[in-house]
Structure formats: structure tokens, C-alpha cells
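S.K.: let me see the structure of the following:
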Amino acid sequence: MSLQMRVVHFCMGLVPPLLHSEAATEQMALHAPQPHPMPASMRARFTATSGNGVTRVFPKRGLRSGGVLIYLHGGAYAYPMVAGQWGIVEGLIDRTGLPVIIPDYPLAPNHTAAEAFDFVQPIIDEAQAEFGRVILFGDSAGGGLAVSLAMQRRDAGNRQVDGLVLYAPWVDVTMTNPAIEEVQHRDKILRVPGLVWAGRAWAGNLDPADWRVSPLYGDPSGLPPMRIFQGDADILGPDVIEFARKAARAGVDVRLRVEPGGFHVYVLSVPIIPEAEAALDRSARFISGILTQA
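M.R.: Okay, here's the model as predicted:
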């Protein structure tokens with residue numbers, strides 16, 4: 001574990017943990033701001049256009065053809081894209097040359113998972129028709145949504161996405177894994193009660209244990225190749241490890257990297273933390289490999 005990882009994680013412990021209670025999470029969701037636009041620091045090198053709830057980001061130089069990335073942001077399904085998440089977008093465009101499509105998908109508690117599914121699936125269809133190969137990448141809740149969408153495409157007989165890149169994906173919103181308790185004392189960011197509230201709100205009329213809401217309970221067979229980056233100081237880790245093992249047993253091309261000392265979505269600390277830089281480097285190599293396949 002790098003010194004930078006230690007310092008950043010220590011500093012996170014100086015403020016109250018996110019989602020520490022149901023009431024706090026509900027208030028956060030009800031007073032969520034608008035999605036953060038592309039930072040001014042990126043405007044010289046990237047072009048961003050927004051409309052109909054979708055932002056498209058293109059590099060002004062070095063644009064690569066043959067594919068596109070679709071980013072599904074995290075935020076417990078209740079909070080929009082924040083400034084720090086733009087670092088992942090910037091890092092992957094720089095490393096791959098691919099454009100990124102960012103759906104501003106509907107969020108809880110005013111909207112539910114079913115509405116988000118209906119919003120994002122056509123975006124994937126359109127991206128496939130326009131760009132060819134499509135790789136979904138997402139962090140936390142966005143990672144869980146990416147897996148769910150891929151499972152649904154498989155079951156519906158739709159053209160599958162070409163790959164999944166997942167950063168600490170939230171694959172079980174019930175948060176009932178007994179191993180979570182063993183990790184909780186090391187996680188300075190997340191707490192179970194708030195996540196459980198958010199999961200219920202997101203599920204809507206669905207059971208939180210429905211695989212469309214919690215992909216851990218679904219059948220992973222037939223999913224596209226995926227790469228998962230997880231920290232071991234993150235209460236989502238036990239479920240992520242179980243999901244990766246389940247996918248591997250089903251014959252999926254899956255590789256999971258569990259970073260020692262890694263906090264929840266540590267890749268958001270790019271470029272400060274070398275482990276975050278390394279995760280984006282590995283992600284880009286995986287994506288480039290998909291684009292060069294015959």
C-alpha cells in the first residue's frame with residue numbers, strides 16, 4: 001500500500017462517514033445537486049455536449065475509432081455525478097482515445113431502478129449502432145447497474161456489450177453478507193444503514209434481492225469479459241469477491257484485483273494515488289484488447 005493511499009484514507013476518517021444512517025441518506029438524496037459539469041481544467045482538451053440527459057465527451061486530439069465507453073456513475077443510486085468522478089473519465093479517454101457517453105440516469109428516491117433500465121438500454125443500442133463496440137464502466141452503484149444491464153441484455157437476446165470495467169461495484173444492495181461486519185471497522189467511508197435505505201428506494205416495487213437490483217443473485221453466465229478493481233477496506237468488498245468467484249465458475253472472463261488498503265472506489269483519487277493510476281492503466285489495456293479483437 002502506497003503512502004498516498006494511507007494518507008488519503010486517514011484523512012477520510014477525519015469527517016463523518018457517508019450514508020451513516022437512513023435519515024442522513026434520505027436527506028442527502030432529497031437535497032442532491034445537479035450533476036457536476038465537465039471541469040474547466042478539461043475544457044482545453046475535450047469537447048462535451050449535453051442533451052436529453054446524456055453527455056458526450058470527445059478528445060480534441062487523438063480520437064480513436066471503433067468503439068465507445070459508457071460511464072455509469074456511482075452515488076448509491078441517489079446522488080448525481082460529482083466532480084471527482086470526472087477524473088476517471090479523463091483518465092480513460094487519455095489512455096484509450098475513445099469518447100465517453102455519460103447517461104444522467106434517473107435516481108432514487110424520486111425514480112426507481114426500472115426507470116433507469118428503460119433510460120439507459122436505448123443509449124447502449126444507439127451507441128452500438130453509431131460506434132461499434134461498447135464497453136460499460138462504472139463505479140459503486142454505477143458498476144452494479146452496468147452488470148444488471150448486461151444481464152438483462154443477455155436475457156432479452158439483445159446485442160451484448162463488449163466489456164465491463166467495474167470499480168467497487170455495488171452488486172448486493174441488501175448488505176446482508178456476514179463478512180461485511182469484519183470489514184466495517186476498516187471502512188471510513190460507508191455504513192450499512194444508509195446503503196440499505198438507498199437500496200430499498202432504488203428497488204421501488206422490486207425486491208432488493210431481485211437480481212436486476214442486486215446482480216449477485218443473478219446468473220452471471222454469458223456476461224462479457226470484465227475487469228474488477230476493489231479495495232479491501234471497503235464494505236462492498238465481500239460481495240464483490242463472491243460475485244467475481246461466481247462469474248468465474250460460470251465461465252466468464254473475469255479478473256478481480258483486490259487492492260490492499262484500498263478504500264471505496266480508490267480509483268477516484270487519480271492521479272494522487274499510484275494504485276488508482278495503475279487501475280486505469282490496467283483498465284485501458286483491457287479496453288484496447290477488446291478493440292483489437294477480430
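
S.K.: Three-state assignment for the closest residue to residue 105 other than its chain neighbours, please.
M.R.: Among residues not flanking residue 105 along the chain, residue 116 sits closest, at 4.4 Å (C-beta to C-beta, 6 or more residues apart in numbering). C-beta: built from backbone N, CA, C; applies to glycine. Secondary structure, DSSP: H, G, I helix; E, B strand; the rest coil: residue 116 is helix.

S.K.: mind exporting stretch 267-287 as CSV, just the C-alpha atoms?
M.R.: Output of stretch 267-287 as CSV, limited to C-alpha atoms (Å, rounded to 0.1, in the frame of the first residue of the first chain):
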residue,chain,number,x,y,z
VAL,A,267,-9.6,5.0,-8.3
LEU,A,268,-11.4,8.3,-7.7
SER,A,269,-8.2,9.6,-6.2
VAL,A,270,-6.4,9.6,-9.5
PRO,A,271,-3.8,11.0,-10.1
ILE,A,272,-2.8,11.3,-6.4
ILE,A,273,-2.7,7.6,-5.6
PRO,A,274,-0.4,5.4,-7.7
GLU,A,275,-2.8,2.4,-7.2
ALA,A,276,-5.5,4.5,-8.9
GLU,A,277,-3.2,5.3,-11.8
ALA,A,278,-2.4,1.6,-12.1
ALA,A,279,-6.0,0.6,-12.1
LEU,A,280,-6.7,3.0,-15.0
ASP,A,281,-3.7,1.7,-16.8
ARG,A,282,-4.9,-1.9,-16.5
SER,A,283,-8.4,-0.8,-17.5
ALA,A,284,-7.1,0.8,-20.6
ARG,A,285,-5.1,-2.3,-21.6
PHE,A,286,-8.2,-4.4,-21.2
ILE,A,287,-10.3,-2.0,-23.3
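
S.K.: who's in contact with it?
M.R.: For stretch 267-287, contacts defined as C-beta atoms under 8 Å, 6 or more residues apart in numbering pick out 1-2, 4-5, 8, 67, 69, 84-85, 87-88, 91-92, 95-96, 98, 135, 137, 139, 163, 165, 167, 225, 227, 229, 257, 259, 262, 266.

S.K.: nothing else from me, thank you.
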